[in-house]
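# A predicted structure for the sequence below; I have some questions about it.
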Amino acid sequence: QVQLVESGGGLVQPGGSLRLSCAASGFTLDYYTIGWFRQAPGKEREGVSCISSSGGSTYVADSVKGRFTISRDNAKNTVYLQMNSLKPEDTAVYYCAANSESCDTREYDYWGQGTQVTVSS
């Protein structure tokens, strides 16, 4: 069964950090571009970050630039999103998704079920 599973979400105070993981089962992430997205209540889904299959190309949204870092460990079949200096406006459900093309692609083949990130004092 092909699956993407996010983990690492939770409740954190403003200024804190979390590391999200996106683990694949049933397929190998090596050949896939991975994107992280988020959706806050009442808002549209937003692309946060993306990393190419080789890891040689990354994208980070302006809203999180300088605070979030995407990386991948193909040996562990996992992609990470390190989130530092978290703000209340980062509160959302975070999803990872995989596509077989590039970060420029809008169509993703597989989606995870999401992990909640709440930034609050």
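On my side now, so go ahead. Numbering: from 1, shown residues only.

# any idea which element Tyr94 lies in?
Element membership for Tyr94, per DSSP states H and E: strand 92-99.

# Listing partners with orientation, what would you give for that strand?
According to DSSP bridges, strand 92-99 forms sheet pairs with strand 33-39 (antiparallel), strand 110-111 (antiparallel), strand 115-119 (antiparallel).

# what's the distance between Gly10 and Val64?
Going from Gly10 to Val64 by C-beta to C-beta, to the nearest Å gives 18 Å. Where you see a C-beta, it was placed from the backbone N, CA and C, and this is true even at glycine.

# Would you mind telling me which of those two has the busier surroundings?
A side-by-side neighbour count of Gly10 and Val64, using other C-beta atoms under 10 Å, places Val64 first with 22 against 13.

# Distance across stretch 48-67, terminal residue to terminal residue?
Using C-alpha to C-alpha, to the nearest Å, the end-to-end distance of stretch 48-67 comes out at 11 Å.

# count of neighbours near the closest residue to Ala40 other than its chain neighbours?
Here the nearest residue to Ala40 in space, its sequence neighbours aside, is Ala92; by C-beta to C-beta, 6 or more residues apart in numbering that works out to 4.1 Å. Here the number of neighbours of Ala92 (other C-beta under 10 Å) works out to 22.
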